[in-house]
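A.B. asks: just to be clear, the model below is a prediction. Sequence and coordinates:
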Amino acid sequence: MKVTICKAKHTLPIPLFISTVAAGFPSPAEDYIDDALDLNQLLVSHPAATFFVRVQGTSMQGANIHSGDVLVVDRALEPKHRAIIIAVLNGEFTVKRVLKQGKRLFLAPENPSYPPIEVREGEEFQVWGVVTYVIHKAK
């Protein structure tokens, strides 16, 4: 996986409607905007420790992470069991779910076509951050 770190140069407030959108039965729309929504404020809790990365590959499609998606990654968060993380293993970047089983650590894909990877003693391993959001186009 190729990692490109991007920093926001500008903030662009986007209109936020006060009413919610029904995902079940439709409801009448209201014709006014309540506030503006800044996606940086919504998606980034720790600006100095957050970066975006574009996904390449299919190993995480079961977690609804697809090739071309953009991940929001927070380096300030501690990776917990079952968190989705960006890691470097033996010099290569990967996005996987971290699984802790006793003293053993696994990087698990979310696609049965790929096997889990056990992180073994002596291997170069570093967590770069915890994935907090996935951004992709609606289909």
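C.D. replies: Here it is on my side, so go on.
A.B. asks: how about the strands in this structure?
C.D. replies: Ranges of strands in the chain, per DSSP state E, are 14-17, 33-37, 50-54, 70-74, 84-89, 92-101, 104-108, 117-119, 125-135.
A.B. asks: distance to residue 64, mean pLDDT and mean neighbour count added to the ones you listed, as JSON lines?
C.D. replies: Where you see a C-beta, it was placed from the backbone N, CA and C, and this is true even at glycine. Below are the strands of the chain laid out as JSON lines (distance: least, CB to CB, whole Å; pLDDT from 0 to 100; neighbours: other CB atoms under 10 Å):
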{"stretch": "strand 14-17", "distance to residue 64": "23", "mean pLDDT": "58", "mean neighbour count": "12"}
{"stretch": "strand 33-37", "distance to residue 64": "22", "mean pLDDT": "67", "mean neighbour count": "12"}
{"stretch": "strand 50-54", "distance to residue 64": "16", "mean pLDDT": "89", "mean neighbour count": "19"}
{"stretch": "strand 70-74", "distance to residue 64": "11", "mean pLDDT": "92", "mean neighbour count": "20"}
{"stretch": "strand 84-89", "distance to residue 64": "10", "mean pLDDT": "96", "mean neighbour count": "19"}
{"stretch": "strand 92-101", "distance to residue 64": "12", "mean pLDDT": "96", "mean neighbour count": "17"}
{"stretch": "strand 104-108", "distance to residue 64": "15", "mean pLDDT": "97", "mean neighbour count": "16"}
{"stretch": "strand 117-119", "distance to residue 64": "21", "mean pLDDT": "97", "mean neighbour count": "16"}
{"stretch": "strand 125-135", "distance to residue 64": "6", "mean pLDDT": "96", "mean neighbour count": "17"}
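A.B. asks: can you redo those strands as CSV with distance to residue 60?
C.D. replies: CSV is the format used below for those (distance: least, CB to CB, whole Å):
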stretch, distance to residue 60
strand 14-17, 27
strand 33-37, 27
strand 50-54, 12
strand 70-74, 9
strand 84-89, 7
strand 92-101, 6
strand 104-108, 10
strand 117-119, 13
strand 125-135, 9
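A.B. asks: which one of those strands lies closest to residue 44?
C.D. replies: Residue 44 lies closest, by CB to CB, to one member of those: strand 50-54, at 4.7 Å.
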